[in-house]
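Student: Let me see the structure of the following:
(one chain, ligands or ions: 1)
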Amino acid sequence: MNSAKPAGALVVRGIGRLLSMAPGAPAEGLRDAVVVIRDGDIEWAGARSDLPAGIGDDLPTLDAGGGLVTPGLVECHTHLVHGGSRSDEFEARAAGTPYEDIARRGGGILRTVAATRAASRAELVETAIPRIRDFLARGVTTIEVKSGYGLDLPSEMKILEAIRDLQAATPADLVPTFLGAHAIPPEAVADRGALVRSIAEEWIPAVAQAGLARFCDVFCETVAFTADEARRILQAGLEHGLRPKIHADQLTACGGAELAARMGAVSADHLDCAPAGSLAGLAAAGTVAVLLPGCMVSLGRTRFPDARPFRAAGIPVAVSTDYNPGSSVTRDLPLMGTFAMAYLGLSLADAWAAVTSSAAAAVGLGDRVGRVAPGFQGDLAIWPGDDPRGPFYTYGGAAPDVVVKRGSVVVRRAVGYPVQGPVS
Ligand SMILES: [Zn+2]
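Tutor: You can find the predicted model right below:
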């Protein structure tokens, strides 16, 4: 975990309700609570009446104004470092142009690849900063960020270096993931075997050696990498200390979920078409199912993934924006909580877990973020009103009044319209 962030200290009082997400804590939240943060970490959290004498008396106080306090949200799947925009493709789809036609005209992922290859590392950093600020303004304090719009070693390294630069430029914690196997670049279509070999034998060792990624991800799909190719790449990642994540079974059941289970992937993402027979394996592997309902909107689809079979199988479910410039152009993680309840079939408690504790587990940080409990980072979102349903009930632009990262206030919202950052 990055611990270069300044470590603050605070006592948060006046909490109307604390939704700590700690095991055994009341699902409706704890009334009249106090949270003590010291050296960036939570020292104590609980009901004010239980606060031991003297704890936190030496620290500055933040008044939560009777609001709802939750863990800082965890966004576990983004592609937020990229060049260019694809707003014209959104318009074209609205006018009835099929995605395949758009792709044939040079649109889709490969268009973002061209724009990202053309951008300098400094330009990538500069355009990503407002997107991160936008996430922060919505209560998100930890963000996974994937490479994957480079598709050659120098460009993938440039993106991962930009993520490292961004880490120093934002209070949010960024979790870097290598997704060199995001799509087949045009120059590799003729010899896929050579591409897979390069990724496994050259790109992954170079990325790992530079310490630029924590996870290795693969887009396993009929239009991208086969399950066999994905296995080879993820195995190389494991051998170099990069834990596996998989874009699995988004468009077709192509063996992604089974592969995730076999490789012990930390998360399997999308899973719209995961076969029922794959769920027991995912549960046994402890893999988190990451569902991405934002894609339905950008792609104009109405069939949302169903979270209920995963929960019934005992699999933790996280939701994420999947922010990217093509298929999910949103940074509104609370809105994904709304979708989780309205369309995915998650309960209120499961929807909160999906954007906090389960999302933390999906980025390998389940013991450090996503809960308000001793030993966890002092990351909080303070929401207006004390209703735990509020941030999902009021959908589109829900935002906390105050965001705390490692004990320091990093966002304080003027009451009024929520902050809306530009796309680029
Ligand atoms: Zn993705």
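Student: Could you break the chain into its assigned domains?
Tutor: Residue ranges for the domains of the chain, per automatic domain parsing: 10-72+371-412, 73-362.
Student: how many other residues sit next to Val297?
Tutor: 17 (other CB atoms under 10 Å). For the C-beta atoms, the positions are set from N, CA and C on the backbone; glycine is no exception.
Student: Can you classify it as helix, strand or coil?
Tutor: helix (DSSP: H, G, I helix; E, B strand; the rest coil).
Student: ok, it - contacts?
Tutor: Val297 is in contact with Ser328, Thr330, counting by CB atoms under 8 Å, 6 or more residues apart in numbering.
Student: on that earlier part again, want to try CSV for the domains of the chain, with mean pLDDT as columns?
Tutor: Formatted as CSV, these follow (pLDDT from 0 to 100):
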stretch, mean pLDDT
domain 10-72+371-412, 96
domain 73-362, 96
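Student: Identify the residue spatially nearest to Ala280, adjacent ones excluded.
Tutor: Among residues not flanking Ala280 along the chain, Ala313 sits closest, at 6.5 Å (CB to CB, 6 or more residues apart in numbering).
Student: so the one you found touches Gly281, yeah?
Tutor: No. Look at Ala313 against Gly281 with CB atoms under 8 Å: they stay out of range, at 9.6 Å.
Student: how close does the residue in the chain sticking out farthest from the centre get to Ala9?
Tutor: Centroid-distance maximum for the chain: Ala53 at 38.3 Å, with CA atoms, centre = their mean. Separation of Ala53 from Ala9 (CB to CB, to the nearest Å): 18 Å.
Student: so Asn241 makes contact with Ala208?
Tutor: Small correction: residue 241 is Gly, not Asn. Yes. Between Gly241 and Ala208 a contact is recorded at 5.8 Å, counting by CB under 8 Å.
Student: which one of the two has more residues nearby?
Tutor: Ala208 (19 against 12).
Student: ok, residues contacting stretch 43-55?
Tutor: 13, 18, 20, 22, 30-37, 56, 372-374.
Student: Quick one: distance of that stretch to the chain centre.
Tutor: 32 Å (CA atoms, centre = their mean, to the nearest Å).
Student: again with stretch 287-298
Tutor: 10 Å.
Student: ditto for stretch 169-188
Tutor: Counting by CA atoms, centre = their mean, stretch 169-188 comes out at 13 Å from the chain centroid.
Student: Could you export that stretch as CSV, CA atoms only?
Tutor: Taking Å, rounded to 0.1, in the frame of the first residue of the first chain, the C-alpha atoms of stretch 169-188 are listed here in CSV:
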residue,chain,number,x,y,z
ALA,A,169,-0.2,14.4,-7.5
THR,A,170,-3.4,13.3,-5.7
PRO,A,171,-4.5,12.5,-2.2
ALA,A,172,-6.3,9.3,-3.5
ASP,A,173,-4.5,6.0,-3.4
LEU,A,174,-4.1,4.6,-6.9
VAL,A,175,-3.7,0.9,-7.4
PRO,A,176,-1.9,0.2,-10.7
THR,A,177,-2.8,-2.7,-12.9
PHE,A,178,-1.0,-3.9,-16.1
LEU,A,179,-3.5,-4.6,-18.9
GLY,A,180,-1.2,-4.9,-21.8
ALA,A,181,-3.5,-7.7,-23.1
HIS,A,182,-6.5,-5.4,-23.5
ALA,A,183,-6.9,-5.8,-27.3
ILE,A,184,-5.0,-7.2,-30.3
PRO,A,185,-3.2,-4.2,-31.9
PRO,A,186,-3.5,-4.1,-35.7
GLU,A,187,0.2,-4.8,-36.1
ALA,A,188,-0.1,-8.1,-34.2
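Student: Can you tell me how far the spatially most central residue of the chain is from Phe178?
Tutor: The centroid of the chain falls nearest to Cys76 when counting by CA atoms, centre = their mean (2.0 Å). Going from Cys76 to Phe178 by CB to CB gives 16 Å.
Student: Tally up the residues packed near Leu59, please.
Tutor: By other CB under 10 Å, neighbour count at Leu59 equals 17.
Student: looking at it, it is touching Ala9, isn't it?
Tutor: Yes. Leu59 is in contact with Ala9 according to CB under 8 Å; the separation is 4.8 Å.
Student: overlap in contacts of the two?
Tutor: Joint contacts of Leu59 and Ala9 (CB under 8 Å, 6+ apart) are Ile37, Arg38.
Student: picking that back up, how close does the residue farthest from the centre of the chain sit to Thr356?
Tutor: Taken as CB to CB, the span from Ala53 to Thr356 is 30 Å.
Student: With Ala230 instead?
Tutor: Noted for Ala230: a distance of 29 Å to Thr356, by CB to CB.
Student: How about Ala25?
Tutor: In terms of CB to CB, Ala25 sits 12 Å off from Thr356.
Student: Give me the more crowded residue out of the two.
Tutor: Thr356 (28 against 17).
Student: returning to that earlier point: who are the contact partners of the residue nearest to Ala280?
Tutor: Leu279, Ala280, Leu282, Ala283.
Student: Mark which of the residues you listed are buried, thanks.
Tutor: Leu279, Leu282, Ala283 (16 or more other CB atoms under 10 Å).
Student: Out of those residues, which is nearest to Gly256?
Tutor: Leu282 (10.6 Å; CB to CB).
Student: quick one: terminal-to-terminal distance for stretch 91-106?
Tutor: Start-to-end span of stretch 91-106 (CA to CA, to the nearest Å) is 16 Å.
Student: How far does that stretch sit from its chain's centre?
Tutor: On CA atoms, centre = their mean, the centre of stretch 91-106 falls 27 Å from the chain's centre.
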